[in-house]
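Undergrad: Starting from these lines, generate the structure:
(chains A and B)
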Amino acid sequence: MTAPTQELRPSRADGHEPAVRLDAVSKVYGRDLLALDRVSLSVDKGEFVCLLGASGCGKSTMLNLVAGLDRPTAGEIDTKGGRIAMMFQEPALFPWLTVSANIELALRVKSSTRSTTKKERRERATELLEIVHLGGFGAKRPHELSGGMRQRVALARALAQDADVLLMDEPFGALDAMTRDLLHDELERIWRERELSVLFVTHNVREAVRLGDRVVLLSSRPGTVIEEFPITLPRPRRTDSGEVAELASTITARLREEVLRHAKPAKRPVGAGAEHG
Amino acid sequence: MTTDISQQIAGLDALELTSREQRGLPSRIWARVWPMLSAIILVLVIWELVVLSGWRPEYVLPGPITVLGDLWNRLGDGDFYNAVAVTMRRAITGFAVAVLVGLVVGAAVSRVRPLRAAFGSLITGLQTMPSIAWFPLAILLFKLSESAILFVVVLGAAPSIANGLIAGVDYTPPILLRAGHILGLRRLALYRHVILPASLPSFLSGLKQGWAFAWRSLMAGELLVIIANQTSIGEQLDNARELSDAPGLLATMIVILVIGIVVDMCFGAADNALRRRWGLDQRVG
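TA: Presented below is the predicted three-dimensional model:
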């Protein structure tokens, strides 16, 4: 396998060049459901930003807006003309295509202006599958793989788009803890190697601390940015390490305050779990 | 470190992939055949019992042995094969035209909003219309000709086929549409790479239903529209009634039933193959 690449990333102090910038973005659904209220946020090139919030904070709405799947009601989103890839909580692979063909389709759309041969695309797909440790599985159908493997195929497909920005909407939410830990390591490695800018939505505080350069905490109904936590712990971090746990509990406390703000005065018992949205 | 991760991943993957054991071909065939065989035997026994009860005289309702003997004789007769060939030619032509019409109409209606509003419910309405009600008009338009039969066969089958496609397009999983959009697929490309493949299972069941309607319409047509010098299964059925040839009549009915079942099984097999490939096959055992 490839040589370990554990050296620290170069400091980004030499230039905060944003890859994605949201400027006072609001989103209203229907007549008066305000999902996002004047959210401003930027993700620098090569930065890993985690969006964290309880239910109803408009995390997914935000990603959909950045991805161009939906339009903001007000405000501006600038993706600097960069290519955008996205991963969902479900793998969203096409069941009628083999694993390899799913990736080849992404390659084909990407290169529609510059023609590539089928053979080239197949070889490239195989390389991408090797990156996510699925080298021998190209000929399988998605349903023949486990959930974690499918999510890795989805990651390979996103990488096939050769994107500058990777949006991830709770991509590991449905996986068991062990698989998730491994995928964190994988994602971190790929992010470093490819210098991606990542906007990662999660409701899992430890996951956010484990992965992010910065954790952005959103309030609920409407979603606004309430606080940002820069995470300076050295990488690679471990989800079960003391520092991660400590930082996570600080953020959880802040998140809980936000959730309690929504609790009706008398009836509800105090301290309802915030982490699980 | 990296190798350690990849080994861990390989280990987890190996644990998660269950090996599915495949039974041998003979035992799979037997598992499908024996229920059918027992059903056929049961029906024959009931039939024989009704005949033995003397409910109707034997020259009106002959027993299975007489009928099967008659069927056996027919199988050795050239005329029978000519009749089957004529009927199957009509069925295939009519069905093929219906597929074409259904595809074009279904594709147009599923994509163009005003067309949907205008024709969506009309198509469903046509589907519920008994095909035999079309024959008077068909005979007026085309006289007693094969065109009259094909006209009704197409009208009978095309709405189901169109509806199958429309339903498939409607129920394309939104997550796949979003995934396609993210990959950069738009309009026609999205239609070709995501929506059409995703609607295949529904389209296939539309085809299956369309075939059932086509076959029914065809039999009704062959009974009503008798064309001189062209023997067909329907015509043989009509002849048998006029000659009071009860064994011949029942034998012909068995032929109609068997052809219908065989074609339906072909569609069923295609459907199963698709489900297995896509992992939609949730049957237990």
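
Undergrad: Quick one: the helices in the chain, in order.
TA: Answering for chain A, as no chain was given. A:59-67, A:99-110, A:118-131, A:147-160, A:177-194, A:205-211, A:242-260 (DSSP state H).

Undergrad: wait, chain B
TA: Along chain B, the segments classed as helices by DSSP H run B:2-16, B:25-52, B:64-75, B:78-111, B:113-128, B:135-142, B:146-170, B:174-183, B:187-190, B:196-198, B:200-224, B:233-242, B:246-278.

Undergrad: Give me the angle between the third one and helix B:78-111.
TA: Read that as helix B:64-75. Helix B:64-75 runs at 90 degrees relative to helix B:78-111, counting by axes from the mean of the first three to the mean of the last three CA atoms, to 10 degrees.

Undergrad: same question, the last one
TA: For helix B:246-278 against helix B:78-111, the angle by the same axes, to 10 degrees is 40 degrees.

Undergrad: And the average pLDDT for helix B:246-278 is what?
TA: Averaged across helix B:246-278, pLDDT comes to 91.

Undergrad: ok, and the closest non-adjacent residue to the residue of the stretch 151-285 of chain B found nearest chain A?
TA: The minimum distance from the stretch 151-285 of chain B to chain A, using CB to the nearest CB, falls at B:Gly279 (2.3 Å). The way it works is simple: take the backbone N, C-alpha and C, and place the C-beta from them, glycine included. Spatial nearest neighbour of B:Gly279, excluding adjacent residues (CB to CB, 6 or more residues apart in numbering or on different chains): A:His143 at 2.3 Å.

Undergrad: Need the per-residue pLDDT for the one you found.
TA: Looking at A:His143, the pLDDT reads 89.

Undergrad: neighbours around it, how many?
TA: 14 (other CB atoms under 10 Å in any protein chain shown).

Undergrad: one step back: can you tell me which of the helices of chain B is most buried?
TA: helix B:146-170 (a mean of 24; mean count of other CB atoms under 10 Å in any protein chain shown).

Undergrad: gap between it and the chain center?
TA: How far helix B:146-170 lies from its chain's middle: 12 Å, per CA atoms, centre = their mean, to the nearest Å.

Undergrad: quick check: angle from it to helix B:233-242?
TA: Using the same axes, to 10 degrees: helix B:146-170 against helix B:233-242 is 120 degrees.

Undergrad: what angle do helix B:146-170 and helix B:135-142 make?
TA: Put simply, helix B:146-170 runs at 120 degrees to helix B:135-142, going by the same axes, to 10 degrees.

Undergrad: Show me what helix B:146-170 is packed against.
TA: Contact analysis of helix B:146-170 by 3 or more CB pairs under 8 Å, 6 or more residues apart in numbering or on different chains; DSSP states H and E lists helix B:78-111, helix B:113-128, helix B:135-142, helix B:200-224 as its packing neighbours.

Undergrad: rank the ones you listed by pLDDT, which is bottom?
TA: Among the helices and strands packed on helix B:146-170, helix B:113-128 has the lowest mean pLDDT, at a mean of 86.

Undergrad: Chain A contacts on the stretch 51-200 of chain B?
TA: Within reach of chain A by CB under 8 Å from any CB of the partner chain, the stretch 51-200 of chain B has these residues: B:175-176, B:178-179, B:181-185, B:189, B:193-194, B:197-198, B:200.

Undergrad: domains of chain A?
TA: Domain assignment for chain A, taken from automatic domain parsing, gives A:17-82+A:165-262, A:91-163.

Undergrad: For B:Gln236, find the nearest of those domains.
TA: domain A:91-163 (43.3 Å; CB to CB).

Undergrad: Which residue is it, in chain A, that comes closest to chain B?
TA: For chain A, CB to the nearest CB, closest residue to chain B: A:His143, 2.3 Å.

Undergrad: What residues does that residue make contact with?
TA: Neighbouring residues of A:His143 by CB atoms under 8 Å, 6 or more residues apart in numbering or on different chains: A:Pro95, B:Trp278, B:Gly279.
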